[in-house]
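In: Build me a structure from this.
(2 chains)
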Amino acid sequence: AQKVTQAQTEISVVEKEDVTLDCVYETRDTTYYLFWYKQPPSGELVFLIRRNSFDEQNEISGRYSWNFQKSTSSFNFTITASQVVDSAVYFCALSEAGAGNMLTFGGGTRLMVKP
Amino acid sequence: ETGVTQTPRHLVMGMTNKKSLKCEQHLGHNAMYWYKQSAKKPLELMFVYNFKEQTENNSVPSRFSPECPNSSHLFLHLHTLQPEDSALYLCASSPELVVFPDTQYFGPGTRLTVL
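Out: Okay, the predicted model is just below:
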């Protein structure tokens, strides 16, 4: 069975600090995909990134970066120089190949960035 | 125009009412999903449609009845709900259900309160 754990339920930082959101997953499949979504107070889940299990290269997009490590089954997300607009709930999700596009979500991490 | 829209954004209903939630996607996708997001619980997949055919019913009570008349529209008909059904109901779409998971794009959700 697949499972996603986001151990940090809530994180509070001051603007301009760097912050890392942890995501640990469990799966028996060798082919799977990992996702991060952002949910601002408006409610909509905003897609941030999708990675497959064969691509362990870290990715950087502006202030966002992702560290995928199969050895520890982790897909962590770092925001550099955080801003107030980054305040949201962030979800990590897993989908196994052949699972009909079923997403298993973690419990989410609420990030609060204070000015 | 935003990719996935949902109406209404907020809904308050009594336990004997009948109401419907509407979702429309403008992305040319063929798969659509209903999710339930309750306080303090992970996002739960409810239903999946692919090319208007239901492919997944995640043990959802019959008081929730989905309808997918075409690939662009998805409805969730509600009747005789319980207070514990109060939640944010999110709709999502993706290109189609294939072996390798596609990214799902979410709407803003309908905040439902059952009195």
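In: Next up, the contacts around residue 83.
Out: The chain I'm using is chain A. Going by CB atoms under 8 Å, 6 or more residues apart in numbering or on different chains, A:Gln83 touches A:15-16, A:63, A:113. Every residue, glycine included, has its C-beta placed from N, CA and C.
In: that's the other chain; I wanted chain B
Out: Counting by CB under 8 Å, 6+ apart, B:Pro83 touches B:15, B:114-115.
In: Filter the residues you listed down to just the buried residues.
Out: By neighbour count, with 16 or more other CB atoms under 10 Å in any protein chain shown, the contacts of B:Pro83 hold B:Val114 as buried.
In: returning to what we had before: can you select the buried ones from the contacts of A:Gln83 in ChimeraX?
Out: To isolate the buried members of the contacts of A:Gln83 in ChimeraX, using 16+ other CB under 10 Å:
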select /A:113
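In: residues touching residue 92, list them.
Out: Looking at chain A here, since you left the chain open. Contact partners of A:Cys92, counting by CB under 8 Å, 6+ apart, are A:4, A:6, A:21, A:23, A:25, A:34-36, A:75, A:77, A:105-106.
In: other chain: chain B
Out: A:45, B:4, B:32-33, B:35, B:104-107.
In: Parallel or antiparallel, list what pairs with the helix or strand bottoming out on mean pLDDT in chain A.
Out: Ranking every helix and strand in chain A by mean pLDDT, DSSP states H and E puts strand A:59-61 at the bottom, with a mean of 88. Note on strand A:59-61: by DSSP bridges, its sheet partners are strand A:64-69 (antiparallel).
In: Need the CA coordinates for the partner strand. CSV is fine.
Out: Output of strand A:64-69 as CSV, limited to C-alpha atoms (Å, rounded to 0.1, in the frame of the first residue of the first chain):
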residue,chain,number,x,y,z
TYR,A,64,11.7,26.7,-4.9
SER,A,65,13.8,23.6,-4.9
TRP,A,66,13.1,19.9,-4.5
ASN,A,67,15.4,17.2,-3.2
PHE,A,68,14.4,13.7,-4.2
GLN,A,69,16.3,10.9,-2.5
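In: Let's test this: mean pLDDT of it, rounded?
Out: For strand A:64-69, mean pLDDT rounds to 95.
In: Please state the offset of it from the chain centre?
Out: 9 Å (CA atoms, centre = their mean, to the nearest Å).
In: Tell me the first helix or strand C-terminal of the helix or strand where A:Tyr90 lies.
Out: Element membership for A:Tyr90 (DSSP states H and E) is strand A:88-96. Counting by DSSP H and E, the next helix or strand C-terminal to strand A:88-96 is strand A:104-105.
In: quick check: mean pLDDT across the helix or strand following that next one?
Out: Next helix or strand after strand A:104-105 toward the C-terminus (DSSP H and E): strand A:109-114. For strand A:109-114, mean pLDDT rounds to 97.
In: got the angle between strand A:109-114 and strand A:88-96?
Out: With axes from the mean of the first three to the mean of the last three CA atoms, to 10 degrees as the basis, strand A:109-114 and strand A:88-96 are set at 150 degrees to each other.
In: and strand A:109-114, which strands flank it?
Out: Assessed with DSSP bridges, strand A:109-114 is paired to strand A:10-14 (parallel), strand A:88-96 (antiparallel).
In: Let's have these in JSON lines, adding distance to B:Gln54 and mean pLDDT.
Out: Shown next, in JSON lines, are the strands paired with strand A:109-114 (distance: least, CB to CB, whole Å; pLDDT from 0 to 100):
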{"stretch": "strand A:10-14", "distance to B:Gln54": "37", "mean pLDDT": "97"}
{"stretch": "strand A:88-96", "distance to B:Gln54": "19", "mean pLDDT": "95"}
